[in-house]
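Colleague: Please find the sequence and the predicted model below.
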Protein chains: 4
Amino acid sequence: MSERKVALVVGAGDATGGAIARRFAREGFVTCVTRRTLEPLAPLLEQIRAAGGEAHGFGSDARVEAQVVSLFEHIEREIGPIEVLVFNIGGNVNFPIAETTERVFRKVWEMSCLSGFLNAREAAKVMQARGRGTILFTGATASLRGGSGFSAFAAGKHGLRAVAQSMARELGAKNIHVAHVVIDGGIDTAFIQERNPERYATLKPQDGILNPEAIAENYWHLHCQHRSAWTHELDLRPWMERW
Amino acid sequence: MSERKVALVVGAGDATGGAIARRFAREGFVTCVTRRTLEPLAPLLEQIRAAGGEAHGFGSDARVEAQVVSLFEHIEREIGPIEVLVFNIGGNVNFPIAETTERVFRKVWEMSCLSGFLNAREAAKVMQARGRGTILFTGATASLRGGSGFSAFAAGKHGLRAVAQSMARELGAKNIHVAHVVIDGGIDTAFIQERNPERYATLKPQDGILNPEAIAENYWHLHCQHRSAWTHELDLRPWMERW
Amino acid sequence: MSERKVALVVGAGDATGGAIARRFAREGFVTCVTRRTLEPLAPLLEQIRAAGGEAHGFGSDARVEAQVVSLFEHIEREIGPIEVLVFNIGGNVNFPIAETTERVFRKVWEMSCLSGFLNAREAAKVMQARGRGTILFTGATASLRGGSGFSAFAAGKHGLRAVAQSMARELGAKNIHVAHVVIDGGIDTAFIQERNPERYATLKPQDGILNPEAIAENYWHLHCQHRSAWTHELDLRPWMERW
Amino acid sequence: MSERKVALVVGAGDATGGAIARRFAREGFVTCVTRRTLEPLAPLLEQIRAAGGEAHGFGSDARVEAQVVSLFEHIEREIGPIEVLVFNIGGNVNFPIAETTERVFRKVWEMSCLSGFLNAREAAKVMQARGRGTILFTGATASLRGGSGFSAFAAGKHGLRAVAQSMARELGAKNIHVAHVVIDGGIDTAFIQERNPERYATLKPQDGILNPEAIAENYWHLHCQHRSAWTHELDLRPWMERW
């Protein structure tokens, strides 16, 4: 009997998280996926199961410590050891500084940074005990650059990148691979498509928008890297993107 | 009668904030200094007044939006227009990731990032209305690097740097100078002296520890820069520091 | 009849270049490998051929424009279209600044930067005409950091990284993927093994030295990336490396 | 009798080098200025002398080791100890990669990087012997970013920055201050004015172009920094610049 291994994708609400879950499921991982509410995960769970995979969905608020702790306990006890954590929650907003409320600033940070810390810390605990694991964070252009109007989003994403770096430096030597993926461009989601259908219709057919399956391939690659040559950070952008 | 101009130093609890306040007071600025409680500000206020300056102290929690808003309102109404804001609150802690509590992670972020955002936003509001001003942030090594054990501190400081960058890009063209100072080394404070007296005794006489007056000189220089040649970021470290 | 595609590895003198050549040969690429003199390439050519691949060796000085131009002409005319260029020449030296001669500074730059430019430019010419291709540069820690004593090596490697970035920004939209790999650690070569056999004996068995085959896997991955999600830069280091 | 101190500005051909020379002359420095030919230095020498300063001009090719060595020997022997070196030679060009000739790539590197290395190395030698000194490098946007078409210029400027960093790390602890100034915007020169007179007429009156005197003020500030708080790198750009 082969070993059960869990890949947990926190924030599988958009196209990217779902594609990553399917990619790991395809390789035999038991896939656990979360978003704030369970219902919208149904199609993803069905896709994975239809392809012969095992999938578990959780409605769980990644910003709330107690929920995160109990999610990890539940998975470890009932489903299997978490071999891979993918943290994939965003929170992209843009406001002039004078119109950025304390509430927005705090919420965006809780979504994009605090919840990343909480989930990665719980993963680190179980992985350290086993002496192995992979923790992957989804970053954005704002992880590296504080653009005009992005004080809240860039603060959250810069913070998440700091957590990733700090964890990589502590956990690398414990055989836990921590990596950060900077996604520098629009991802092919329903949101993008609806917000600007004309631009979408121009870009999509020529691969000018990041394909979630293509993103997922890179997460899988990071997980597979030989430990003598681990990547901590890579960027992903469409070939035609200006940067 | 010459124009009254206020320099507000938020976080004048340590050596750096005090030195910056004295430096601006020396140039004729009305100096407002804050820390969480008023009492410990007494010596600083005395120093500035003894040197012929005007100084006002405030016990105010920089992490609490209502207190920040009312501080700015009070100063603008009762004391004078805020020409310069210096944000100087730190929060340096180091814990292994598994021992970093949610409480610590959140507190450090509130001190080092959220409060910087809140104060700078209020400054931006009054400065935009006048079409000029200077906002200076104090950063650290952790602003640029997530070292092992520094997930909380680096997340806060990275976030603060993102806020500074984002504001600089929005506010530069409105004639508001936003800059970020990366202090990369130990500062000459009572804390440093007490924690490691032997190291202090070795380094201090040979200028191996950052002198707060020397730091303050650079804040003053940033404020004085001609607007055709503004600096957004500079680093400061002792000549003998390894980096 | 399937299409012939050439992968050209410039600087196949060390372990990395050879491993990359074998990796692409395994996928059906016609492999062309170069170093300054032809003889030392013999074992590599044999390995590739023994595995059923097609391999061509060239003794060619990558720093000499005329030789580079004629190499590209020869391969394109006689062997096949160059689909992939890997530039893999180093030149790591360390001298105090006062002992760094003009001759060393210039030689290291010619090896690590000028020759990268020349080869990549010739590749860009043929690839632009075909509207596709992949150009991969090997970087090092010194690509990002000018360490003490590394003025010559870091100047060359920083320069190479600038070439890679500039080309990526120009050629991306022409469907040519340009990427830069920052190798941040010791690679498993005869040189490393001989210079410090004890350290080697400690690190090698626990994957503390970069495995060339593992490095090569990443070059292959970069080439395979879907063009909606191209990486421009990634780092590679052993799990236990301090950074 | 007060001590004679020399400030040597290599590349005083443009507005910036001249302004820096005048700034240091104003503080009592004996000023030595160079460019490839002596004649165009005449107005600058006259300005400094008319203001009561001592100025010496040299026609000297900063890319030629023998000329650099003999320049330093001459100044040290005949004029005075070199306390400050400012390296200020550029070489901004833009060509598509396929049209960037080996000759251009090499020339731009010799101007912007090799000559910086040669001059700074000679300065390091005399400064190390005295246990003090300041070496300041002029960088550009291309020091940090390889833009499309800038392979030659960015390679040179990245290389120069690597030299500056490497020297700072080696020489800091020898009491020699090495700093790098990133000038991120157009400088007010005759060249800029002539190339685009309309843009110049719009930007200049509102300080949208870097004022050389304002730049020089920052070089002076760097030289004056207390050694407990040295800056290695700062950026300078007009308030209204987009970045």
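Modeller: Sure, I can see it.
Colleague: Can you point out the buried residues in the lowest-mean-pLDDT helix or strand in chain A?
Modeller: Every helix and strand of chain A was ranked by mean pLDDT, DSSP states H and E. The lowest is helix A:190-195, at a mean of 90. Within helix A:190-195, the residues scored as buried using 16 or more other C-beta atoms under 10 Å in any protein chain shown are residue A:192. All C-beta spots, glycine's among them, are computed from the backbone N, C-alpha and C.
Colleague: Which elements pack onto it?
Modeller: Helices and strands touching helix A:190-195, by 3 or more C-beta pairs under 8 Å, 6 or more residues apart in numbering or on different chains; DSSP states H and E: there are none.
Colleague: Run the contact check for the first helix or strand past it going along the chain versus chain C.
Modeller: Moving toward the C-terminus from helix A:190-195, the next helix or strand (DSSP states H and E) is helix A:197-203. No: counting by C-beta under 8 Å from any C-beta of the partner chain, no contacts exist between helix A:197-203 and chain C, the nearest distance being 9.2 Å.
Colleague: Just the buried positions in helix A:197-203, please.
Modeller: Those buried within helix A:197-203 under the rule 16+ other C-beta under 10 Å are A:200, A:203.
Colleague: Spell out which residues sit in contact with the residue nearest in space to the middle of chain A, please.
Modeller: Centroid-nearest residue in chain A, with C-alpha atoms, centre = their mean: residue A:88, separated by 2.1 Å. Neighbouring residues of residue A:88 by C-beta atoms under 8 Å, 6 or more residues apart in numbering or on different chains: A:9, A:10, A:11, A:12, A:14, A:16, A:17, A:20, A:138.
Colleague: Show me what from chain A comes close to chain C.
Modeller: Taking C-beta under 8 Å from any C-beta as the criterion, chain A approaches chain C at residues A:169, A:172-173, A:175, A:177, A:188, A:207-211, A:213-215, A:217-218, A:221, A:225-243.
Colleague: Pull out the buried members of these.
Modeller: Counted by 16+ other C-beta under 10 Å, the residues of chain A next to chain C give A:169, A:172, A:175, A:177, A:188, A:207-211, A:213-215, A:217-218, A:221, A:225-241 as buried.
Colleague: taking the residues you listed one by one, which sit in strands?
Modeller: A:177, A:233, A:234, A:235, A:236 (DSSP state E).
Colleague: thinking again about what came up before, the residues of chain A next to chain C in helices, which ones?
Modeller: A:169, A:213, A:214, A:215, A:217, A:218, A:221 (DSSP state H).
Colleague: And these, which is closest to chain D?
Modeller: For those, the residue nearest chain D by C-beta to the nearest C-beta is residue A:169; the value is 20.4 Å.
Colleague: thinking residue A:180 is in contact with residue A:140, fair?
Modeller: No: Residue A:180 sits out of contact with residue A:140 when judged by C-beta atoms under 8 Å, with a separation of 10.5 Å.
Colleague: With pLDDT as extra columns, can I get the ones in helices among the residues of chain A next to chain C in CSV?
Modeller: Converted to CSV, these look like this (pLDDT from 0 to 100):
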residue, pLDDT
A:169, 98
A:213, 98
A:214, 98
A:215, 98
A:217, 98
A:218, 98
A:221, 98
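Colleague: How much space separates the closest residue to residue A:102 other than its chain neighbours from residue B:81?
Modeller: Once flanking residues are discounted, residue A:102 sits nearest to residue B:65: 4.5 Å by C-beta to C-beta, 6 or more residues apart in numbering or on different chains. Look at residue B:65 and residue B:81: by C-beta to C-beta, to the nearest Å, they are 22 Å apart.
Colleague: So which residues of chain A form helices?
Modeller: A:15-26, A:42-50, A:65-74, A:102-109, A:115-130, A:151-171, A:190-195, A:197-203, A:212-224.
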